[in-house]
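Student: compute the structure for the input listed below.
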Amino acid sequence: QLFDVTMVEYNAKADLVEKARMYKNCAISVSGEVAPEARVAIAQAANDLLTIQGVDASFVAIAKNGGVNISARSMGELNVQVILEPLGGGGHLMMAGAQLHDCTLQDAETRIREQIDLYRAAQKENTAR
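Tutor: Modelled structure (predicted):
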């Protein structure tokens with residue numbers, strides 16, 4: 001019973017996972033607002049996306065109060081804290097989040113992709129040394 005969820009939570013998580021698209025070995029899911037009682041589904045979806053083969057990190061972004069909330073998870077190869085810090089977020093290597101104010105979902109997705117690009121470029125530069 002510890003892991004039981006309501007149907008609202010389960011459906012919200014399933015919807016977020018279904019909407020995910022791959023970008024440079026990262027799963028990115030972008031969605032409108034979720035029901036207040038299903039907010040835990042955002043973190044759960046980010047966790048579930050990591051179980052997909054080839055996914056190094058996951059980013060789940062949902063609209064909230066004219067902005068966007070982002071939950072990010074990693075298997076350790078990518079540091080999601082470093083990726084989200086320029087967006088005002090924080091956390092640690094394998095679990096991070098951010099709240100973007102006055103931001104659209106499309107803009108949030110673009111910003112996430114840009115930060116992934118910058119992070120991947122820095123990884124390549126460090127490997128080349």
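Student: could you say which helix or strand holds residue 110?
Tutor: Following DSSP states H and E, one finds residue 110 within helix 105-128.
Student: that helix: how far from the chain's middle?
Tutor: Here helix 105-128 shows a centroid-to-chain-centroid distance of 13 Å under the convention CA atoms, centre = their mean, to the nearest Å.
Student: what residues does that helix touch?
Tutor: 23-24, 26, 28, 30-32, 57, 59, 61, 63, 68, 70, 78-79, 82-84, 86-87, 100, 103 (CB atoms under 8 Å, 6 or more residues apart in numbering). Every residue, glycine included, has its C-beta placed from N, CA and C.
Student: the same query, at a cut-off of 10 Å, please.
Tutor: Outside helix 105-128, the residues within contact range by CB atoms under 10 Å, 6 or more residues apart in numbering are 21, 23-26, 28-32, 56-57, 59, 61-63, 67-70, 72, 77-80, 82-87, 89, 98, 100, 103-104.
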